[in-house]
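**Q** give me the fold of what follows.
(2 chains)
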2 protein chains.
Amino acid sequence: MAARRPRVMASPMTLAQLTEEQLLARIIPRMPRGVGVLVGPGDDTAVVRCDEATIVTTDAAVRGRDWRDEWSTPQDVGAKIVAQNLADVAAMGGRPLGLVVTLLADPATPVAWVEGFADGFGEAARAAGAGVLGGDLSSAPSGVLAVSVTALGTLDGRPPVLRSGAQPGDLVAVAGTLGRSAAGLVLLQKQRAELGPELVAAQRRPQPPLAEGPVAAIAGARGMLDISDGLLRDGSRVASASAVALDFSREALAPYAAQLANAVGPDTAWECVLSGGEEHSLLACFPPGQVPTAWTVIGAVREGAGVLLDGIPQLPGGWDHFRA
Amino acid sequence: MAARRPRVMASPMTLAQLTEEQLLARIIPRMPRGVGVLVGPGDDTAVVRCDEATIVTTDAAVRGRDWRDEWSTPQDVGAKIVAQNLADVAAMGGRPLGLVVTLLADPATPVAWVEGFADGFGEAARAAGAGVLGGDLSSAPSGVLAVSVTALGTLDGRPPVLRSGAQPGDLVAVAGTLGRSAAGLVLLQKQRAELGPELVAAQRRPQPPLAEGPVAAIAGARGMLDISDGLLRDGSRVASASAVALDFSREALAPYAAQLANAVGPDTAWECVLSGGEEHSLLACFPPGQVPTAWTVIGAVREGAGVLLDGIPQLPGGWDHFRA
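**A** Take a look at the predicted model:
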């Protein structure tokens, strides 16, 4: 009589079971090569056709801090880190050229996680017209998983739109949503994702209005940035860099809060709109009459300092790394 | 009678005790701004004057894997990650333009560690003529400390020197040392640093011959890379990319091994020379008669495949991430 074979649960293949070459062979085909790439992945460096004035920015994400595996798929993580970096490019009035990525991973990480990450990363890069120029794989201690990305971009010959250009009398406008990513995070934390699946989706994969960066630059935007740490906090950065005050209008912001109120309640909705991070919408100041179509006016630039709401000074609030 | 006051050990200030702005104010002044930097740190992105063909490369380091705090000061870690990245720039025949850096750190990390890291990073960048364009700070789970760097460089109008250009009949040459970093690691592991302090120094702070990258390119180098994972392993990469064999000469390599033998013994010395990683010397192939002064011929390119030693095929060996 044949012995009964024990039922074995197939354990997923991990990074430790592949050579670096084998792993790269699974990652690189998932990435877009991009235009203007003279040398792609596989040599000591990439070589990319750049402008005289080239944009460069870098941003990292760490498991357990910037994402949680129970809330985000690897595809989500890949797409989000691309969005974060490319929102910075857009916030200078630029257009993305290319990305490089480092992955720091516990060798026990499933290969499928890395493949999923590469899929999400590659799709988001492709959609934005950014090639993936290269990367680096590093092993990390048990449990650690982190990614770091650098984005290159072009200004197409225009001057960069700095945070420091806002002038009293300008209108303050936003392209994209407000508070949705933060509201999604609230729902995930309360385990009530079903109350706002579209908000949870915004938390997992922010969709910055990347094309509006160059549009705003051409229209004459000044004092522009992307909202990564909250409207009031990022607004206070523009105010400080430009030596002005940004006065937001409660009436103009009310529709953003109203969209969230059913899911998270009215008070939290306002908190999300004013202080919610990871939205990656664009905030900019425009001379009156120069606000582009897709932008919504939400305030005005005044003499003074800091951020105001209907003329009343506000604490910046928002997200700070390293603080408890 | 007064109660005796308990003696309190002053605990070092940690990242959690500073805002991001306060921390940046301690880091940025330690970094060189560099030439050609149109917008430096502090806005959404940096803007840097680049060439039509711009080099980009990225490399990360993780505590517990790429360095150990008992062996390396934060200054060492900062200098080493710059050397690693700039060696890749040199290996294309390029000259560094600028660097961006992300730091992923447990909030309990001492501020003094980050300041020391910034000092080492800034000094190494300054010495190489590379500005520090910007960076990102991310909090990480308990115990985690990692850095990721992206370097930009220029080819000054020359074509890049790829790994794929070696031709049968070329001479194989090296600029810089061989096996010293690996020998230093052996001494640290054996707790016998006193047997070779200069080798331990090479492990802690490799000194790649960065200027020899452009020199080699101008001299007609082809099939160039930097030795990051070992002579045989990196040599096999050139061999594979160029569809040739690299035949190293034991006699030509003997002086490199001899320099290490007193400290680590003759067998380990040869192992370090042939398979030692983190050296970041440059390996290149030159048509006969075109080897620059500072380079030493250590072999020849032949028809065939893989790496040889005095005509005998060798296994590539060397370092692979994620493998046990």
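
**Q** can you give me the strands in chain A?
**A** Counting by DSSP state E, chain A has strands at residues A:37-39, A:46-49, A:53-62, A:95-105, A:131-139, A:145-154, A:171-175, A:222-226, A:245-248, A:282-286, A:296-302, A:306-309, A:312-314.

**Q** could you dump these to TSV with mean neighbour count?
**A** Glycine gets a C-beta too; all of them are placed from N, C-alpha and C. Compiled in TSV, the strands of chain A are given as follows (neighbours: other C-beta atoms under 10 Å in any protein chain shown):
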stretch	mean neighbour count
strand A:37-39	18
strand A:46-49	24
strand A:53-62	26
strand A:95-105	27
strand A:131-139	24
strand A:145-154	29
strand A:171-175	25
strand A:222-226	26
strand A:245-248	25
strand A:282-286	29
strand A:296-302	20
strand A:306-309	21
strand A:312-314	13
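
**Q** please convert those strands to TSV, extending it with mean pLDDT and distance to B:G230.
**A** Below are those laid out as TSV (pLDDT from 0 to 100; distance: least, C-beta to C-beta, whole Å):
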stretch	mean pLDDT	distance to B:G230
strand A:37-39	92	23
strand A:46-49	93	23
strand A:53-62	95	29
strand A:95-105	96	21
strand A:131-139	93	17
strand A:145-154	97	25
strand A:171-175	98	51
strand A:222-226	97	43
strand A:245-248	98	56
strand A:282-286	98	47
strand A:296-302	98	58
strand A:306-309	97	55
strand A:312-314	95	58
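
**Q** how about those strands, which one is nearest B:E194?
**A** strand A:131-139 (30.0 Å; C-beta to C-beta).

**Q** can you check the distance spanned by stretch A:156-169, start to finish?
**A** 28 Å (C-alpha to C-alpha, to the nearest Å).

**Q** and that stretch, what's its mean pLDDT?
**A** Average pLDDT, stretch A:156-169: 97.

**Q** can you list contacts of that stretch?
**A** A:51, A:53, A:55, A:91-95, A:172, A:213-214, A:216-218, A:221-225, A:237-239, A:241-242, A:244, A:246, A:284-285, A:287-288, A:300-303, B:38-39, B:43-45, B:47 (C-beta atoms under 8 Å, 6 or more residues apart in numbering or on different chains).

**Q** for the spatially closest residue to A:G78 that is not a sequence neighbour, give its distance to chain B.
**A** Spatial nearest neighbour of A:G78, chain neighbours left out: A:G120 (3.0 Å); criterion: C-beta to C-beta, 6 or more residues apart in numbering or on different chains. According to C-beta to the nearest C-beta, to the nearest Å, A:G120 stands 19 Å off from chain B.

**Q** who does A:Q314 bridge with?
**A** A:V307 (DSSP bridges).

**Q** for chain A, just list every one of the helices.
**A** Counting by DSSP state H, one finds helices in chain A at the ranges A:20-27, A:74-91, A:111-128, A:180-189, A:197-204, A:212-219, A:231-242, A:250-264, A:266-275.

**Q** just checking, which of the ones you listed sits deepest inside the structure?
**A** Of these, the one with the most neighbours on average (mean count of other C-beta atoms under 10 Å in any protein chain shown) is helix A:74-91, at a mean of 27.

**Q** which helices and strands sit right next to that one?
**A** Contact analysis of helix A:74-91 by 3 or more C-beta pairs under 8 Å, 6 or more residues apart in numbering or on different chains; DSSP states H and E lists strand A:53-62, strand A:95-105, helix A:111-128, strand A:145-154, helix A:212-219, strand A:222-226, strand A:282-286 as its packing neighbours.
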